[in-house]
Every structure is written in C-alpha cells, then in structure tokens.
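Asker: return a 3D structure for these sequence lines:
(3 chains)
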Amino acid sequence: MKNTFTIIYEIVKQIPKGKVATYGQIAALAGNPRWSQVVGFALHVNPDEQNIPCYRVVNRFGQTASAFAFGGEDVQKLLLEEDGIVFLPDGSVDLKKHQWDGEPFSE
DNA sequence: TTAATGACCTATC
DNA sequence: CGATAGGCCATTA
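Answerer: All right, here's what the predicted structure looks like:
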C-alpha cells in the first residue's frame, strides 16, 4: 500500500535527530511542493507515530500545529529539546539552525 | 457522487 | 518590501 502517505512517512522517518523539517520541505522532497496539506494530513493520521516523529515536523514558522495526535504540545517541545533543538522564547524552533538540510538522497 | 475542509505554501498586487 | 488571495493534493462527510 504505497500511496502518497507512504512517501511522506518515509521522508519524516528519515529526518535526522537534532533537526526539524517543514511540511513544504518534506512535500518538496517527496516530489510535490504542493503536498504541504497532504503532509499535514499524513501526520494527522500518523499510523506509525512510533516511527514517525511528528514533533520533528513543523510549519514554515518553525512551530508545530495546534492539533497534535501523539500527546501534547508540551511533550512535543520536550521531545525536540531532547533531540537538542533550541526553542526560542516565542515558542518556535530555530529553523535557521535546526532546519533539516535535506535528504541524503544524492541525485 | 459531489462538495467542503485541512497539522500548508506560493504567487501576485 | 508588505500584505492579500488563491491553489494544489488527499481525505472525510
């Protein structure tokens, strides 16, 4: 069952520790920059949260969504801190310091 | 089946 | 440069 979701899951699961990726970035890496919404949907269902760290996925502003599906917003922040993410006083992560460089997929 | 919404982003004025 | 509007894909009702 390798649908669009699987692609997104693969990307998110490939996110290295201590870094975060944005929906648009994941969508772009997936091969479709306009899957931004679908990416959110994929994480929303999150059938493999154990292997799909949604907390490492943030929006364009470096903030997580309001509707979390694996615990709570506080947990999300804690998990990122555990990974070594630097949270700004605004409640967002320093994308310019932790935004995922990109997939190790050398073309 | 059609229509509307959605953890969004991009382009244009 | 800043803000506004629209659009794309998939899922759900």
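
Asker: next, count neighbours for the residue nearest to A:Asp48 when sequence neighbours are not counted.
Answerer: Counting by Cβ to Cβ, 6 or more residues apart in numbering, A:Asp48 lies nearest to A:Tyr9, which is 6.5 Å off, once chain neighbours are set aside. (C-beta placed from N, C-alpha, C; glycine too.) Residue neighbour count, defined by other Cβ atoms under 10 Å, stands at 23 for A:Tyr9.

Asker: let me see the contact set for A:Tyr9.
Answerer: Going by Cβ atoms under 8 Å, 6 or more residues apart in numbering, A:Tyr9 touches A:42, A:48, A:51-52.

Asker: got a ChimeraX select line for the buried ones in those residues?
Answerer: Restricted to the buried members of the contacts of A:Tyr9, where burial is judged by 16 or more other Cβ atoms under 10 Å, the ChimeraX selection command reads as follows:
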select /A:42,52
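
Asker: turn the contacts of A:Tyr9 into CSV, including distance to DNA strand B and secondary structure.
Answerer: Putting the contacts of A:Tyr9 into CSV (distance: Cβ to the nearest atom of the strand, whole Å; DSSP: H, G, I helix; E, B strand; the rest coil) gives the following:
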residue, distance to DNA strand B, secondary structure
A:Ala42, 8, helix
A:Asp48, 11, coil
A:Asn51, 13, coil
A:Ile52, 8, coil
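
Asker: got JSON lines for the contacts of A:Tyr9, with pLDDT and distance to DNA strand C too?
Answerer: Rendered in JSON lines, the data for the contacts of A:Tyr9 read as follows (pLDDT from 0 to 100; distance: Cβ to the nearest atom of the strand, whole Å):
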{"residue": "A:Ala42", "pLDDT": "92", "distance to DNA strand C": "8"}
{"residue": "A:Asp48", "pLDDT": "87", "distance to DNA strand C": "15"}
{"residue": "A:Asn51", "pLDDT": "90", "distance to DNA strand C": "19"}
{"residue": "A:Ile52", "pLDDT": "92", "distance to DNA strand C": "15"}
